[in-house]
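*Asks:* what shape does this take:
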Amino acid sequence: MTTIATSGTTPEVMQRRRPVAARVAVLLIFAVCGIGVSNWVPRIPEVRRALELSEGLLGFALLFPAPGALVSMPFAGWLVARWGSRPATRLLSLCFCAVLPLPVLAWNLPSLAFALLLFGAGIGSLDVAMNSQAVAVETQYRRPILSTFHAAFSFGALGGAVIGGWAAELGIDLVPHMVAVGAILLVVSAVGSRWLLPAHTDAGDHGPAFAVPSRPLMLLGVIAFCALVAEGAAADWSAVYLQDYLHTSKGLAAAGFAAFSLTMAVMRLGGDRIAARWGAVTTVRLGGVIAALGLGLGLFAAHPVAAMLGFGALGVGIANIFPIVLSAAGRMPGLGTAPAIAAMTTMGYSGFLVGPPLIGFLAELVTLPVALAVVVLLCALIALLAGTIVPAASPESYP
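*Replies:* The predicted structure is shown next:
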């Protein structure tokens, strides 16, 4: 799947080949990101024991990826706007792979916090760059394909979690494990990114290098914020709800998030076809309704099976909302793709980061089931705001 011309190859054929190769390259980068992040998560308990950290100190250290990501996202948007998403994605994917082993190389709390700050910066900046390239590829396809890329991340994360758990179970040392993962992913990124769309595709993109959110972009940001609050809530509170409030075993409690993750990954595989057939607005509105009704009924029933079905429905509902919102933001008139995606990613991931702590605070005041009901209301709000996607989601927005 190269783009090197051969004898008898017409420019029209070359134009058809290039997006296919670029699409595969972007899929690889998204999978690399998912695999890298999820290999680290199963090794966190060992890092805690090695550094003799209390749960509170570990929690303090785990706060640092958030500011690293949020600070790096606007910078990545500027980088893409100036250089184009190809060189930015190539550079930042290599940087992400290089910082993967840093947390397990830490020797005390300050070094761990600094390593996690760089880890978060690597994730956040790559997120903006690879999504900018994904929107550029989608624009050449002239139909929705962004959900496929996010499916690659989801399945990469699932596979990476299995690899990381397997390495921990076998007793493989932290440093060799993460260094090997970083090195392998670096090679995959370096080779695969050769087929990204050329830099001139979106370098010097029209619009400012940093996007101050306009009202339409802000409304899209609210949708992204709500969707990622729901995702963060499922990640951090599903097991707690099942185990502490519905009195399930630890294994069964983990099934709630597993159901959410699996339904989200599977739905993202077909998300582009759904959006192409039903339209972005209907897909987002229906997703918000399914998420709100599914989780709401699961909480109301207060039964383990109902709760797992509810979290599964939440995954079905919100699976394709963030990719659609990113695609719409990237093609919004009057804004450059990279700055718009940087602004959208920053607003969305703010929800992922601040949502779970806020739910915990509410749970202290009104119990966890009632606090999780706030997620139901946010999903309903997504359905109400779905119409704001119209200007950027129409077929005419593909240049």
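
*Asks:* in this structure Leu378 contacts Leu228, no?
*Replies:* No - applying C-beta atoms under 8 Å, one finds Leu378 not in contact with Leu228, separated by 9.9 Å. No exception for glycine: its C-beta is placed from N, CA and C like everyone else's.

*Asks:* just checking, what packs against the helix or strand hosting Pro176?
*Replies:* Using DSSP states H and E, the element containing Pro176 is helix 174-192. Helix 174-192 sits against helix 11-40, helix 44-51, helix 85-99, helix 146-170, with contacts defined as 3 or more C-beta pairs under 8 Å, 6 or more residues apart in numbering; DSSP states H and E.

*Asks:* can you do 6 Å?
*Replies:* Applying 3 or more C-beta pairs under 6 Å, 6 or more residues apart in numbering; DSSP states H and E, one finds that helix 174-192 contacts helix 11-40, helix 85-99.

*Asks:* ok, which of these comes nearest Asp173?
*Replies:* helix 11-40 (13.7 Å; C-beta to C-beta).

*Asks:* this protein - how does it break down into domains?
*Replies:* Following automatic domain parsing, one finds the domains of the chain at 11-201, 215-397.

*Asks:* which residues in the stretch 251-399 of the chain form helices?
*Replies:* All helices of the stretch 251-399 of the chain, identified by DSSP state H, counting those that start in this stretch, fall at 280-301, 304-318, 321-330, 337-366, 368-385, 390-393.

*Asks:* just send the domains of the chain back as TSV, with mean pLDDT and mean neighbour count too.
*Replies:* Converted to TSV, the domains of the chain look like this (pLDDT from 0 to 100; neighbours: other C-beta atoms under 10 Å):
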stretch	mean pLDDT	mean neighbour count
domain 11-201	87	20
domain 215-397	85	21
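
*Asks:* tell me which of the helices of the stretch 251-399 of the chain lies nearest to Glu52.
*Replies:* For the helices of the stretch 251-399 of the chain, distance to Glu52 was read as C-beta to C-beta. The smallest value, 25.3 Å, belongs to helix 337-366.

*Asks:* name the helices or strands packed onto that closest one?
*Replies:* On a contact count with 3+ C-beta pairs under 6 Å, 6+ apart, helix 337-366 meets helix 65-83, helix 109-141, helix 215-240, helix 321-330, helix 368-385.

*Asks:* could you tell me the angle between it and helix 368-385?
*Replies:* 150 degrees (axes from the mean of the first three to the mean of the last three C-alpha atoms, to 10 degrees).

*Asks:* and helix 337-366, how far from the chain's centre?
*Replies:* 12 Å (C-alpha atoms, centre = their mean, to the nearest Å).

*Asks:* same check, this time on stretch 261-275
*Replies:* That offset, for stretch 261-275, works out to 14 Å (C-alpha atoms, centre = their mean).

*Asks:* backbone phi and psi for Arg143, please?
*Replies:* Main-chain torsions, Arg143, degrees, to the nearest 10: phi -160, psi 160.

*Asks:* skipping adjacent residues, who's closest to it in space?
*Replies:* Spatially, and ignoring its direct neighbours in sequence, Arg143 is nearest to Ala276 (5.4 Å; C-beta to C-beta, 6 or more residues apart in numbering).

*Asks:* I'd like the distance between the nearest residue to Asp244 once chain neighbours are set aside and Ile359.
*Replies:* Taking C-beta to C-beta, 6+ apart, and ignoring the residues beside it in sequence, Asp244 has Leu368 as its nearest neighbour in space, at 7.3 Å. Separation of Leu368 from Ile359 (C-beta to C-beta, to the nearest Å) stands at 8 Å.

*Asks:* same question, Gly256
*Replies:* As for Gly256, its distance to Ile359 is 15 Å (criterion: C-beta to C-beta).

*Asks:* ok, back up a step: could you check the angle helix 146-170 makes with the helix holding Pro176?
*Replies:* 150 degrees.

*Asks:* residues in contact with helix 174-192?
*Replies:* Helix 174-192 has contacts (C-beta atoms under 6 Å, 6 or more residues apart in numbering) with 25, 28, 32, 36, 39, 43, 46, 93-94, 97, 100-101, 104, 167.

*Asks:* how about stretch 96-115?
*Replies:* 36, 57, 61, 64, 116, 118-119, 122, 126, 174-175, 178-179, 182, 185-186, 189.

*Asks:* and stretch 372-385, by the same measure?
*Replies:* Under C-beta under 6 Å, 6+ apart, the answer for stretch 372-385 is 219, 223, 226, 229-230, 233, 285, 288-289, 291-292, 295-296, 299.
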